[in-house]
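Peer 1: What follows is a protein structure lacking sequence information:
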């Protein structure tokens, strides 16, 4: 109970409404919101800020804290009275009425490659480096449930490979794939850079000299070979490979699929709005994909290849320089344009957008909390409290959920574990709370035992 609830209870007592009656009324309202919001979202775009954004410099500033905590940036007011965010998010400040800002996210993993598992699956990472033993990502669960609209795959991840990439981020981060659910339900991963002038999703384009007729003959021949092998047991490597072949043939033969990856179809001014950079164009590509039936697109923040700067959002040094010059402006432009673009197309109400990293950063500048540490102008890893942001798809915007303490170090109100954030996403996407899927050993596992955050629902 908040103080305002106690005051409300006292006032309502004058009209004969007791505290139990008030609580019952609130419970009924919450139940109604949960019922109306279930399955509101048809698709989801997850903007994943690899590296861990400094929450106290972006979404949850502490202007009254000591300088070594509050840092260099100032909060700015938004269009929602009482809500302030970082000064280098000016565009998002004008769209705060669409945002639900969760300032009390928390878990206990300080490692990049394993903490991603919490945010992408909702579950703690398994005690192994074997990605095949991960819990399935949210996109893989949707793929298993048959979501999406062919010929495009139900689950796509944008992961442009650029000079200076750190392999442990790109290749070893847990939770990206289907895990124990099986490779058949893994994502289509796009490693090409959509900002390149010659951007092509090459694995799904025909080889020169192979026309449609020749491709169909190859497909028929492959089907005959597979039939003669009589490999029909579902889940075998050959069966999984056959499903990948089938998907590839469908993509190659589909004008819809080919057009979905052709960013030249977008007006130049739209491409400018998203930002002429790898992240902005990846977000634009994500919008084109969900518009054509893809259920979930994860857009991983790309390394921009600039030498001698912090990679991704991993600002162990140059925290304020990099946030001000190369991180926040790009994120501000792409996220705000995505919200506007989806709204203009009538898609925002049915498209859930998530903005989050795997954790936050230390309360004090220069504080050490992992093996990496931090320089005099940086912040180290900090999973104890950070911010995630939701919009669209059944989310009630213009609100802040939870709160951090005065140093942005720990949740002070309404802590949110990743499993509850994931449960919220599944709820909005219409995935039943009791859903259990079988692992490779045939054991039924409840896919997400968390509780949806009902107060976020519109």
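Peer 2: Done, it's in. Note that the structure is predicted; figures quoted are calculated from it, not measured.
Peer 1: make it CA atoms for all contacts and neighbour counts henceforth
Peer 2: Will do.
Peer 1: who touches residue 416 in this structure?
Peer 2: 102, 104, 105, 106, 402 (Cα atoms under 8 Å, 6 or more residues apart in numbering).
Peer 1: now swap in residue 358 and tell me
Peer 2: Residue 358 neighbours (Cα under 8 Å, 6+ apart): 48, 49, 50, 51, 52, 112, 115, 116, 118, 119, 383.
Peer 1: Write a PyMOL command that selects only the buried members of the contacts of residue 416.
Peer 2: The buried residues among the contacts of residue 416 can be selected in PyMOL (16 or more other Cα atoms under 10 Å) with this line:
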select buried, resi 102+104+105+106+402
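Peer 1: Among the contacts of residue 358, which ones are in helices?
Peer 2: 112, 115, 116, 118, 119 (DSSP state H).
Peer 1: The third one reaches residue 170, doesn't it?
Peer 2: No - counting by Cα atoms under 8 Å, residue 116 does not reach residue 170; the two are 11.2 Å apart.
Peer 1: Looking at the two, which is more packed in?
Peer 2: Taking neighbours as other Cα atoms under 10 Å, residue 116 and residue 170 compare with residue 116 leading, 27 against 19.
Peer 1: Compute the distance between the more buried one and residue 283, please.
Peer 2: Distance, residue 116 to residue 283, by Cα to Cα, to the nearest Å: 20 Å.
Peer 1: and what of residue 330?
Peer 2: Residue 330 is 11 Å from residue 283, by Cα to Cα.
Peer 1: more neighbours, the two?
Peer 2: Comparing residue 330 with residue 283 by other Cα under 10 Å, the one with more neighbours is residue 283, at 28 against 21.
Peer 1: that's a helix at the more buried one, yeah?
Peer 2: Yes - according to DSSP: H, G, I helix; E, B strand; the rest coil, residue 283 belongs to a helix.
Peer 1: what's the neighbour count on residue 171?
Peer 2: Residue 171 - counted by other Cα under 10 Å - has 12 other residues nearby.
Peer 1: Tell me the backbone dihedrals of it, please.
Peer 2: When read as degrees, to the nearest 10, the backbone of residue 171 gives phi -100, psi -20.
Peer 1: Make 14 the first number, not 1, from now on.
Peer 2: All set: I'll call the first residue 14, so the last point we hit is now residue 184.
Peer 1: what does the model give it for pLDDT?
Peer 2: Residue 184 is assigned 88 on the pLDDT scale.
Peer 1: repeat for residue 179
Peer 2: So, for residue 179, pLDDT stands at 83.
Peer 1: Of the contacts of residue 371, just say which sits nearest to residue 455.
Peer 2: Residue 455 lies nearest to residue 131 out of the contacts of residue 371, by Cα to Cα, at 23.4 Å.
Peer 1: Please list all residues in contact with that closest one.
Peer 2: Contacts of residue 131 (Cα under 8 Å, 6+ apart): 137, 138, 188, 371, 431, 432.
Peer 1: can I assume residue 317 sits in a strand?
Peer 2: No - membership of residue 317 in a strand is not supported by three-state DSSP, which gives coil.
Peer 1: Quick check: it touching residue 173?
Peer 2: No - the pair residue 317 / residue 173 is not scored as a contact, 9.8 Å apart, by Cα under 8 Å.
Peer 1: what residues do the two have in common as contacts?
Peer 2: In contact with both residue 317 and residue 173: residue 291, using Cα under 8 Å, 6+ apart.
Peer 1: May I have the secondary structure class of residue 114?
Peer 2: Residue 114 ends up strand, using three-state DSSP.
Peer 1: That one pairs with what?
Peer 2: With DSSP bridges applied, residue 114 shows beta-bridge pairing to residue 402, residue 413.
Peer 1: Any idea how far stretch 266-276 is from the middle of the chain?
Peer 2: Per Cα atoms, centre = their mean, to the nearest Å, the displacement of stretch 266-276 from the mean C-alpha position of its chain is 24 Å.
Peer 1: scratch that, stretch 286-298 is what I was asking about
Peer 2: 16 Å.
Peer 1: average pLDDT for that stretch?
Peer 2: 97.
Peer 1: try stretch 381-393
Peer 2: Stretch 381-393 carries an average pLDDT of 96.
Peer 1: Span of that stretch from start to end?
Peer 2: Stretch 381-393 stretches 6 Å from its first residue to its last (Cα to Cα).
Peer 1: Okay, buried residues for that stretch please.
Peer 2: By 16+ other Cα under 10 Å, the buried positions in stretch 381-393 come out as 381, 382, 386, 387, 388, 390, 391, 392, 393.
Peer 1: distance of the fifth one from residue 316?
Peer 2: Between residue 388 and residue 316 the distance, using Cα to Cα, works out to 20 Å.
Peer 1: same check, this time on the last one
Peer 2: Using Cα to Cα, one obtains 18 Å as the distance from residue 393 to residue 316.
Peer 1: shaky segments in the chain?
Peer 2: The chain contains residues with pLDDT under 70 at 14-43, 215-263, 265, 318-323.
Peer 1: That one - how does it break down into domains?
Peer 2: 40-211+281-435+444-469, 215-273 (automatic domain parsing).
Peer 1: Can you tell me which of those is most buried?
Peer 2: Per residue and on average, the most neighbours among those fall to domain 40-211+281-435+444-469, with a mean of 20 (mean count of other Cα atoms under 10 Å).
Peer 1: all strands for the stretch 214-363 of the chain, in order.
Peer 2: 309-313 (DSSP state E, counting those that start in this stretch).
Peer 1: Which stretches in it count as helices?
Peer 2: Secondary structure of the stretch 214-363 of the chain (DSSP state H, counting those that start in this stretch): helices located at 225-242, 250-266, 268-273, 281-287, 291-304, 332-335, 341-357.
Peer 1: any idea which of the buried residues of stretch 381-393 is closest to residue 73?
Peer 2: residue 392 (15.0 Å).
Peer 1: Please consider this matter closed, and thank you.
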